[in-house]
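Undergrad: Sharing a sequence plus its predicted fold:
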Amino acid sequence: MNSVWSIRLVRALFFALFLIVGTAVSMRIQQPWWFGAVIGGAAMGLLILLDMVFARFSLREFSHATFGLAIGIFCAWLVTRIGIFQLSYFQTLENIDELRNVTEFLIYVSLAFFGVTFALRSDRDQFAFLIPYVRFRRDGSEGEPLLLDTNIIIDGRIPQVVATGFLSGALVVPRFVLDELQLLTESDDPQHVIRGQRGLEIMEKMRVMDGVRLSIQEDTPGTNRSLSVDTRLVSLARELNARLLTNDENLAKVARLRGLAVLSFNDLALALQPQFNPADELSLHLTKQGKDKTQAVGYLPDGTMIVVNHAAPFIGQTVDVIITSALPTSAGRLIFAELKK
């Protein structure tokens with residue numbers, strides 16, 4: 001059921017309950033039945049008004065405010081237990097009891113107010129500082145959720161990687177990411193249309209995959225829609241305590257600076273590349289000539305290029321080679337080899 005209609009149903013049920021209770025109480029105290037109905041309806045109307053005001057607050061913020069309120073009241077209780085009004089100076093004042101009651105009330109209200117405001121401005125890590133053995137996060141056995149960005153969905157490799165079982169935790173796609181995919185499909189640029197359609201097809205494929213927990217994270221009330229998608233992704237990842245799955249290097253750098261765990265298929269692919277050392281042997285299919293007329297070039301399945309010296313006559317054949325050295329470049333590793341004699 002849609003959450004909006006659920007809230008309306010709850011309001012209607014409670015409104016009817018208030019009317020019934022108000023009417024029953026009014027008749028019990030020998031008052032007209034409509035008098036109690038009006039009082040009950042007015043009381044429920046006030047509650048509905050307050051509920052509309054609090055609609056921008058989430059359950060997390062409410063729990064923070066409650067925790068801050070408890071801390072503020074506890075601090076006020078400690079302050080009022082000092083016994084400053086027991087000093088002889090205060091004992092000579094008139095109406096000492098009224099003065100003490102008013103002062104204690106102001107202390108409780110003030111510290112409760114500051115406790116709530118400080119708690120609402122605090123994040124999860126600051127709460128963990130107060131309670132070092134309690135973490136405000138999901139159970140580690142369930143796995144932290146994976147927040148997907150637009151690029152990783154369009155990439156198309158995520159269904160295959162998820163099917164291998166290497167990625168744990170639920171997959172979470174924000175609503176604004178889906179909106180961005182839809183905007184791509186409505187673009188005037190054919191390339192953008194293809195990318196958007198591919199992203200939506202990947203989403204549909206993952207939705208029906210067995211063993212995949214995929215959920216759509218709706219925008220929370222009060223969300224600033226003017227912010228960029230990357231900024232909203234980082235903020236949402238911090239709010240959900242989620243890992244961010246992206247191939248966008250700039251987004252990954254920003255997220256890591258914010259203390260988030262970032263996963264990237266590009267980093268995974270580099271880590272899975274075979275590590276060759278001098279004297280290692282392998283079979284290689286030579287495809288073309290190198291820069292030198294005597295050299296031949298072959299490629300590994302992951303795209304790594306191997307330059308084989310004195311192998312030009314064997315272009316188009318599969319030969320056994322011995323690794324001699326490896327040179328890191330901006331485009332990846334460049335490996336040199338010799339023919340095995």
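TA: That came in fine, so what should we check first?
Undergrad: buried ones in the strand of greatest length in the chain?
TA: If you go by DSSP state E, the chain has its longest strand at strand 318-329. Buried positions in strand 318-329, judged by neighbour count with 16 or more other C-beta atoms under 10 Å: Val319, Val321, Ile323, Ala326. No exception for glycine: its C-beta is placed from N, CA and C like everyone else's.
Undergrad: Alpha carbons of that strand, as CSV, please.
TA: Taking C-alpha atoms only, strand 318-329 is exported to CSV below (Å, rounded to 0.1, in the frame of the first residue of the first chain):
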residue,chain,number,x,y,z
THR,A,318,50.8,-19.1,-31.1
VAL,A,319,54.2,-19.4,-29.6
ASP,A,320,55.8,-20.0,-26.2
VAL,A,321,57.5,-17.0,-24.7
ILE,A,322,59.5,-16.2,-21.6
ILE,A,323,58.8,-12.9,-19.7
THR,A,324,61.9,-10.7,-19.4
SER,A,325,60.5,-7.5,-17.9
ALA,A,326,57.4,-5.4,-17.2
LEU,A,327,57.0,-1.6,-17.6
PRO,A,328,54.0,0.2,-15.9
THR,A,329,52.4,2.9,-18.1
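Undergrad: strand partners of that strand, parallel vs antiparallel please.
TA: Using DSSP bridges, the strands paired with strand 318-329 in its sheet are strand 281-289 (antiparallel), strand 332-339 (antiparallel).
Undergrad: so how far is that strand off the chain centroid?
TA: 43 Å (C-alpha atoms, centre = their mean, to the nearest Å).
Undergrad: for stretch 238-249, same thing?
TA: Chain-centre distance of stretch 238-249: 6 Å, with C-alpha atoms, centre = their mean.
Undergrad: Report how far apart the opening and closing residues of it are.
TA: Stretch 238-249 has an end-to-end distance of 18 Å (criterion: C-alpha to C-alpha, to the nearest Å).
Undergrad: Now that stretch: average pLDDT?
TA: Stretch 238-249 shows a mean pLDDT of 86.
Undergrad: just to revisit the earlier point, any residues touching the longest strand of the chain, and which ones?
TA: Strand 318-329 has contacts (C-beta atoms under 8 Å, 6 or more residues apart in numbering) with 276-286, 298, 306, 308-309, 311, 333-340.
Undergrad: let's see 6 Å
TA: 276, 278, 280-281, 283-285, 308, 333-338, 340 (C-beta atoms under 6 Å, 6 or more residues apart in numbering).
Undergrad: Done for today, thanks.
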